[in-house]
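In: I need the structure of the sequence given here:
(chains A and B)
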Amino acid sequence: MISWLEKLVGKENVSDEIIEREVYSTDASQIKGKTDKVIWPETVKHIHQIVLYTRRNKKNIVLRGAGTNFVGSVVPQNSLVLDFTKMNKILSFTKDSVVVEPGVVLDDLNEFLQKRNKFFPVVPEDSAVCTIGGMCGVNSFSIYEKKFGRMKDWVLEVEMIDGHGKLRRQGNEVIGFEGILGIITKVKLKIIDKIIEKSMNVFKCANIEEALSKVSSLRDNPECISVEFISPTAALLSGLEHKAYLIVEYLGFEGEIMDEQEMRRIWSIRKDVFHKLASKGFTLLEDPSLPLENMPELLYWLEKKGIPSFGPICSGILHPCFSERESSTQMYQLVLQLKGTTGKTSGIGLLKKDFLSEVSKAETISLKKRFDPDNILNRGKVIEWQE
Amino acid sequence: MAGVDKCILCGLCRQDSSLLKATGRETLTARGKAILIKRGILDKIFYIDPLTNLTVLHCPTDVDISEEIQKQRVKMVENGIETKANRQMIENIREYGNPYGYLKKEEITQVYS
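Out: Numbers count the residues shown, from 1 in each chain, chains lettered A, B, ... in the order given. As a prediction, this is how the structure comes out:
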């Protein structure tokens, strides 16, 4: 059947060669699945026809952006893998919004916007590679979440093809379902003016208590747009002093550091933390989230066990890094006791399904029944589903 | 610099891949190559690499993918997996002392003498 697909998308845009099937069988989760074929769609028509083909041939589809999630969101199950790298056009731009295809990389979009004195403020850690489609899928978290919220808050309209093959125009209610409801073909995003007046502070705290007390006061400061925490263990392993660090960014000039270059240097130190931890074997990045008042207990537990952590603490999210899976399972037992959850930054995928609340599960199933009752889209992700 | 066993498949190397930008194929990124090497797949695709190793700039575990690709090419030659162009280049180097083949040995000597 590959020739039918070749006719549709062009010979260069479909492959069932073993090298492609192997490479597309996994993602940053390192879970191995099975790829049927890899397809690089370029138009809405391609996607529509591929969905109809999938239905006719009783196959299933996995949607792939950059494949940077750690929970197996794009691991195929004998699936057609749709790689959106070639659907990377910025379609239109006004002073308030921009319309883009799902394969646009966030940093590329912001480079385009910066030249026009505009900015898209949902900026995850992997902004250099993550795609708009993937960000919609996981309702992407932003380093500026404290001020600007998440992806869902910035999506005005979504054009998508559902599991029936029907073209739909939706609002932001379909954001965050990891591709199990439909295939996004266009997204209209709100944008803001470029942030020119920014400043920063770096607080080196003697211990966790001091850092958390500082966080409490920063939480209510409306000018504070981001608070990044680095635990003493993470700081030490990253070549910094053995202290708890807070890197705080402000709108306006409340912070002492105002030099653009110096601020970039500080951010690069923060971004380098995972780099340094991974090179020392702490490669399993997790994302527990919990009420801020319960954060101390988790932090003490991590520090006691020598597990480094960092992250946007004001949003109640941490990124502990583990060298083996067993300790992270233990940590999640504690997180549940502390009324916490997971999946807020990297999604649910295959690995975090047990953490989905009953309410979210019921909502997801109800939408799945409407959008993709035959379960052809991202099968096995987020929920277990069989009509 | 680390070996391919240290690659955690995070995909941050995508930002450095000019081949990805040109073709859209993940298989041509450092992560793509790392997956194939880890799974012991010998394929002519390993000849499509500039070996500039820009990828290591953003690799959290400092994998030297160029080094790994070179090792893979050695294995491939040992297993008789070569491209026509590669075989021709090797023959030209042996015969003429350069990969292009159109210069005579004497001319090379003149250039470098």
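In: okay, helices next: where are they in chain B?
Out: B:18-23, B:30-38, B:65-78, B:84-96, B:105-112 (DSSP state H).
In: highest average neighbour count across the ones you listed?
Out: Greatest average neighbour count among the helices of chain B goes to helix B:30-38 (a mean of 25), per mean count of other C-beta atoms under 10 Å in any protein chain shown. (Glycine included, C-beta is placed from N, CA and C.)
In: do that helix and chain A meet?
Out: Yes: Helix B:30-38 lies within reach of chain A by C-beta under 8 Å from any C-beta of the partner chain, at B:31-32, B:35-36.
In: for that helix, name the packing helices and strands.
Out: helix A:18-23, helix B:65-78 (3 or more C-beta pairs under 8 Å, 6 or more residues apart in numbering or on different chains; DSSP states H and E).
In: let me have the ones you listed in a markdown table, adding distance to A:Leu356 and mean pLDDT as columns.
Out: As requested, the helices and strands packed on helix B:30-38 are arranged in a markdown table below (distance: least, C-beta to C-beta, whole Å; pLDDT from 0 to 100):
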| stretch | distance to A:Leu356 | mean pLDDT |
| --- | --- | --- |
| helix A:18-23 | 29 | 97 |
| helix B:65-78 | 37 | 90 |
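In: I'd like these laid out as TSV, including distance to A:Ile376.
Out: TSV is the format used below for those (distance: least, C-beta to C-beta, whole Å):
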stretch	distance to A:Ile376
helix A:18-23	19
helix B:65-78	35
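In: quick one: which of those is nearest B:Met1?
Out: helix B:65-78 (6.9 Å; C-beta to C-beta).
In: quick one: that closest one to chain centroid distance?
Out: 7 Å (C-alpha atoms, centre = their mean, to the nearest Å).
In: separation between A:Met331 and chain B?
Out: 19 Å (C-beta to the nearest C-beta, to the nearest Å).
In: test my guess that that residue contacts A:Pro288.
Out: Yes: between A:Met331 and A:Pro288 there is a contact under C-beta atoms under 8 Å: 6.7 Å.
In: looking at these two, which is more packed in?
Out: Neighbour comparison, A:Met331 and A:Pro288: the larger count goes to A:Pro288, with 28 against 23 (by other C-beta atoms under 10 Å in any protein chain shown).
In: and the closest residue to the more buried one other than its chain neighbours, its phi and psi?
Out: Once flanking residues are discounted, A:Pro288 sits nearest to A:Val335: 4.4 Å by C-beta to C-beta, 6 or more residues apart in numbering or on different chains. Main-chain dihedrals, A:Val335, degrees, to the nearest 10: phi -60, psi -40.
In: enumerate every residue touching A:Val335.
Out: Shown in contact with A:Val335 (C-beta atoms under 8 Å, 6 or more residues apart in numbering or on different chains): A:288, A:290, A:298, A:341-342.
In: what's the answer for A:Ile192, then?
Out: With C-beta under 8 Å, 6+ apart, A:Ile192 has these contacts: A:118-121.
In: at 6 Å instead, please
Out: A:Phe119 (C-beta atoms under 6 Å, 6 or more residues apart in numbering or on different chains).
In: please apply the same query to A:Pro121.
Out: A:Pro121 sits next to A:144, A:148 when contact means C-beta under 6 Å, 6+ apart.
In: so what pLDDT did it get?
Out: Looking at A:Pro121, its pLDDT is 96.
In: cool, and the one 5 residues further on?
Out: In this prediction, A:Asp126 carries a pLDDT score of 90.
In: flag every residue of the stretch 101-250 of chain A that's near chain B.
Out: Selection of the stretch 101-250 of chain A residues close to chain B by C-beta under 6 Å from any C-beta of the partner chain yields A:128-129.
In: swap in 7 Å and give it another go.
Out: A:126, A:128-129 (C-beta under 7 Å from any C-beta of the partner chain).
In: A:Glu241 is in contact with A:Ala235, isn't it?
Out: Yes: contact criterion C-beta atoms under 7 Å: A:Glu241 and A:Ala235 qualify, at 6.3 Å.
In: ok, these two, which is more surrounded?
Out: A:Ala235 (20 against 10).
In: what about that one, which helix or strand?
Out: Assigned by DSSP states H and E, A:Ala235 belongs to helix A:232-237.
In: repeat that for A:Leu351.
Out: Secondary structure (DSSP H and E) places A:Leu351 outside all helices and strands.
In: quick one: the closest residue to A:Arg219 other than its chain neighbours and A:Lys7, what's the gap?
Out: Once flanking residues are discounted, A:Arg219 sits nearest to A:Cys314: 5.4 Å by C-beta to C-beta, 6+ apart. Distance, A:Cys314 to A:Lys7, using C-beta to C-beta, to the nearest Å: 53 Å.
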